[in-house]
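Asks: here are the coordinates; sequence isn't available:
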């Protein structure tokens, strides 16, 4: 069994890759060439859990990047529908509403980022003052 901070074996790394694509734990174990009971035991180990979580996070980050790359096309599609006089009015209104909602969310997120940064700066200043007092 791996302890905290230890590296995974090649077989464990292969099995994590299988977990990312398989529909079930049994299928992942089979793809990894191990028994299902072995995989279930590994899933209880902190090092394996941490590496599996990191791998899942990496997959999600790749998906987010792909979505972000498609954003410009999505905006152009909304703009096209919104400006298409031959499109049904409901589609044009829906596209316009979506553009407005997303613009407002963007402003809200920017405002929140500024407020969080200001709070963090205040917290850092307060902690520094307590440390010197």
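Replies: Perfect, thanks for sending it. A quick note: this is a predicted structure, and the numbers were derived from the prediction, not measured.

Asks: switch to C-alpha atoms for all contacts and neighbour counts from now on
Replies: Will do.

Asks: what about the strands in the protein?
Replies: Here the chain has no strands by DSSP state E.

Asks: scan it for its longest helix.
Replies: The residue-count maximum for a helix in the chain (DSSP state H) belongs to helix 89-132.

Asks: just how off-centre is that helix within its chain?
Replies: The chain centroid and the centroid of helix 89-132 are separated by 19 Å under Cα atoms, centre = their mean, to the nearest Å.

Asks: just list what that helix packs against, helices and strands only.
Replies: helix 71-83 (3 or more Cα pairs under 8 Å, 6 or more residues apart in numbering; DSSP states H and E).

Asks: and the longest helix of the chain, what's its mean pLDDT?
Replies: Mean per-residue pLDDT for helix 89-132: 93.

Asks: just want the angle from it to helix 71-83.
Replies: Orientation check (axes from the mean of the first three to the mean of the last three Cα atoms, to 10 degrees): helix 89-132 against helix 71-83 gives 140 degrees.

Asks: quick one: buried residues of stretch 19-38?
Replies: 19, 22, 25-26, 28-32, 36 (16 or more other Cα atoms under 10 Å).
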